[in-house]
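**Q** Here's a sequence, model it:
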Amino acid sequence: MRDAGGSAMSDSRAPEDDDYSATVLGSHWISGPPEQPAQTKRFDTPQDVSGAVPDRVEGSLLRFGPGVTARTPGTPFPVAVAPAPRRRRGAALRRYALAAVVLAAVLAYLGWQRLGPALAVTEVSVSTDPKGPACDSAADVVALVRTNGRPGTLRYRWVRSDGTRSDPLTERVPSGRKEATLHLLWTFQGKGTYPAEAELELISPVHRTAAVGFTYGCRA
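**A** Numbering: from 1, shown residues only. Below you'll find the predicted structure:
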């Protein structure tokens, strides 16, 4: 007696061909062809890359090899320089004008000092103590020469009544000075009375003379 299971199995029995045999399919027939292993490609690069310089250093792409030159750094952007502030033309002109006026005044003064009117004598006088010198002492004879205040040199000599005269003497008169004082010390010795006279002879800048008389007396 067959059960239901056996009846079912009898319905699906294999063919009765003697050459038939069951074959178990491999898993690769079910899931498709097997995956091929990944292929690795090798690119040969020159060994000597010491002289090569990378084309870029900030990116992810680096190129090496002969003929690849380094990128020269770009010229920096020019920096604009602010122009110097212009000076006011009027102030500069005034400053130059003031300097020119001062320079002209200095040159005029120097020219006046050098090329102005020469020293001129306006008056000559000679004086001394009317009492005369004491015994065995000297008389101080003073000559006063008045000028126009210009600088220059006075040339003069003293002439005494005893027949003697001095060598030519000089007196430098500075600018602005209008008087020159000249002295003669005439020494007397011995007892007695002697009338004397001293004369100033002005040689230059103009020839003039002035004299004064006095008496030497010694009774002791």
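**Q** Am I right that Val124 falls within a strand?
**A** Yes: looking at Val124 with DSSP: H, G, I helix; E, B strand; the rest coil, it is inside a strand.
**Q** And for it, the neighbour number?
**A** Residues near Val124, counting by other Cβ atoms under 10 Å, number 20. For the C-beta atoms, the positions are set from N, CA and C on the backbone; glycine is no exception.
**Q** what pLDDT does it get?
**A** You'll see Val124 listed with a pLDDT of 96.
**Q** residues in contact with it?
**A** Val124 makes contacts with Ala143, Leu144, Val145, Arg146, Leu200, Leu202, Arg208, Thr209, Ala210, as judged by Cβ atoms under 8 Å, 6 or more residues apart in numbering.
**Q** Report the buried residues of stretch 182-202.
**A** By 16 or more other Cβ atoms under 10 Å, the buried positions in stretch 182-202 come out as Leu182, Leu184, Trp186, Phe188, Ala196, Ala198, Glu199, Leu200, Glu201, Leu202.
**Q** Okay, now that stretch: how far is its last residue from its first?
**A** 11 Å (Cα to Cα, to the nearest Å).
**Q** mind starting the numbering at 37 from now?
**A** Sounds good: first residue 37 from here, last item stretch 218-238.
**Q** Looking at the contacts of Val160, point me to the pair that's furthest apart.
**A** With Cβ to Cβ as the measure, no two of the contacts of Val160 lie farther apart than Arg182 and Thr245, at 15.1 Å.
**Q** Of the contacts of Val160 - the most surrounded one?
**A** In terms of neighbour count, Ala179 stands highest of the contacts of Val160 at 26 neighbours, by other Cβ under 10 Å.
**Q** pretty sure that residue contacts Leu220?
**A** Yes: A contact is recorded between Ala179 and Leu220 when judged using Cβ atoms under 8 Å, the distance being 7.5 Å.
**Q** Identify the contacts common to those two.
**A** Shared contacts of Ala179 and Leu220, defined by Cβ under 8 Å, 6+ apart, comprise Leu236.
**Q** contacting residues around Asp165?
**A** For Asp165, the set of contacting residues under the criterion of Cβ under 8 Å, 6+ apart consists of Ala175, Asp176, Phe250.
**Q** hang on, the earlier thing: any idea which of the contacts of Val160 is the one closest to Glu207?
**A** Proximity to Glu207 was ranked across the contacts of Val160 by Cβ to Cβ; first place goes to Val181, at 7.9 Å.
**Q** So which residues of the chain form strands?
**A** For the chain, the strands identified by DSSP state E occupy 157-163, 174-183, 188-196, 205-209, 215-223, 228-240, 244-254, in order along the chain.
**Q** of all the contacts of Val160, which comes closest to Leu143?
**A** Leu143 lies nearest to Arg182 out of the contacts of Val160, by Cβ to Cβ, at 30.4 Å.
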